[in-house]
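Colleague: I need the structure of the sequence given here:
(2 chains)
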There are 2 protein chains.
Amino acid sequence: MLTHSQVRHMQERATRMLSQSGIVLTAREQEQIEVVDFNLNELERTGLELVVYINNDRYCAKELVMTPRQTCAQHRHPPLSETNPGKQETFRCRWGIVWLYVEGEPNPSIQARVPRGSESHYTVFHEIELHPGDQYTIPPNTWHWFQSGDEGAIVSEFSSPSYDEFDQFIDPRISRFTTVAE
Amino acid sequence: MLTHSQVRHMQERATRMLSQSGIVLTAREQEQIEVVDFNLNELERTGLELVVYINNDRYCAKELVMTPRQTCAQHRHPPLSETNPGKQETFRCRWGIVWLYVEGEPNPSIQARVPRGSESHYTVFHEIELHPGDQYTIPPNTWHWFQSGDEGAIVSEFSSPSYDEFDQFIDPRISRFTTVAE
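Modeller: Numbers count the residues shown, from 1 in each chain, chains lettered A, B, ... in the order given. Got it, this is the predicted structure:
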């Protein structure tokens, strides 16, 4: 659970990071930045800030903002129908460094720090390091998680339509939708 | 037709504009910027520079770079099959000003200048002005054209998959694919 003040503070921080990297949002978009704490109450460690530019029945585009060493918890986008094998997404690093972990040969050691106390909910360790201009496409139904470097990061996500409510997380404590205290 | 030198010059100019607005390309991407002259031999007046980040069978994302007052000629994306009503695209202005013209109530006067000698090939004049942070979604199979302001412009395009070979132009002289002299 987050307070309104925490949400507002993080929205302002994300807006500043975007602005410094040359990305302009309208005032309305700034107020609608989605602050996700995955219901874990450790936003600085596990969380994500999202600007959804467009999400229609054909495609989706977002900006992901991550404060320093913030982690997006491990999840996958499962098949949704016979014709929809699940969300496919392309991450393009715009600013900072991101370490992305997907299924595949695990790296002997990784550069991200698995959030303390949540170790058992992180199971894929094939590391992809993204610098500005680098991008990587994650196939549907593939477990993945990611963490920004010491300066934070901005990542553009281009994808098939998002149906966040169907995302699967390993950690049973997680809810994709953040509760904000009244 | 363009010469290799014209293409290289325009790729460098587009790279500079992107860089100044904070958008990083890899060296390989810089060399692959698509310079489109629509076969009209007036690149500065009618043309477009394109960075294709991703174009797969589910979604597409590009960066459009326009030099000052450069025009993308009127065209539409027709239906391609029973399940594909044609390309749908969302333009998000990142830098500069863009005037976009689509079907609908024509404006009494417009801010763009229709390319001289091509007046009969421009038939839609419902004007949408986009500043940084503004965006607009163009439905499939809708005639549209656009022109940048006096400083040029950078526009992100998020869309359903691109099949440029099926684009329809009003101007019969136009070819979507640029010939580069050997």
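Colleague: Show the secondary-structure elements that the longest helix along chain A is packed against.
Modeller: Assignment by DSSP state H gives helix A:4-20 as the longest helix of chain A. Under the contact criterion of 3 or more C-beta pairs under 8 Å, 6 or more residues apart in numbering or on different chains; DSSP states H and E, helix A:4-20 touches helix A:27-31, strand A:34-36, strand A:48-55, strand A:60-66, strand A:144-159. (Each C-beta comes from the backbone N, C-alpha and C, glycine too.)
Colleague: tell me the mean pLDDT over that helix?
Modeller: Averaging pLDDT along helix A:4-20 gives 97.
Colleague: And for stretch A:25-34?
Modeller: 98.
Colleague: near chain B, which residues of chain A?
Modeller: Counting by C-beta under 8 Å from any C-beta of the partner chain, the positions of chain A adjacent to chain B are A:21-26, A:29, A:53-54, A:56, A:58-61, A:88, A:90, A:92, A:94-95, A:132-135, A:137, A:156, A:158-160.
Colleague: List only those of the residues you listed flagged as buried.
Modeller: The neighbour-count test (16 or more other C-beta atoms under 10 Å in any protein chain shown) applied to these identifies A:21-25, A:29, A:53-54, A:58-61, A:88, A:90, A:92, A:94-95, A:132-135, A:156, A:158-160 as buried.
Colleague: For chain A, which residue gets nearest to chain B?
Modeller: residue A:22 (2.5 Å; C-beta to the nearest C-beta).
Colleague: can I assume that residue sits in a helix?
Modeller: No. Using DSSP: H, G, I helix; E, B strand; the rest coil, the secondary structure at residue A:22 is coil, not a helix.
Colleague: Provide a list of residues in contact with it.
Modeller: B:21-23, B:94-95 (C-beta atoms under 8 Å, 6 or more residues apart in numbering or on different chains).
Colleague: same thing but at 7 Å, please
Modeller: Contact analysis of residue A:22 by C-beta atoms under 7 Å, 6 or more residues apart in numbering or on different chains lists B:21-22.
Colleague: got it, and residue A:47?
Modeller: The contact partners of residue A:47, taken as C-beta under 7 Å, 6+ apart, are A:36-38, A:70.
Colleague: ok, those residues vs residue A:164, which is closest?
Modeller: For these, the minimum distance to residue A:164 (C-beta to C-beta) is 9.2 Å, reached by residue A:36.
Colleague: which non-adjacent residue is nearest the closest one?
Modeller: The spatial neighbour of residue A:36 that comes closest, neighbours along the chain excluded (C-beta to C-beta, 6 or more residues apart in numbering or on different chains), is residue A:48 at 4.6 Å.
Colleague: Next: residue A:76.
Modeller: Nearest non-adjacent residue to residue A:76, counting by C-beta to C-beta, 6+ apart: residue A:143, 4.9 Å away.
Colleague: confidence score at that neighbour?
Modeller: 98.
Colleague: Could you pull up the contacting residues of it?
Modeller: A:74, A:76, A:103, A:123-124.
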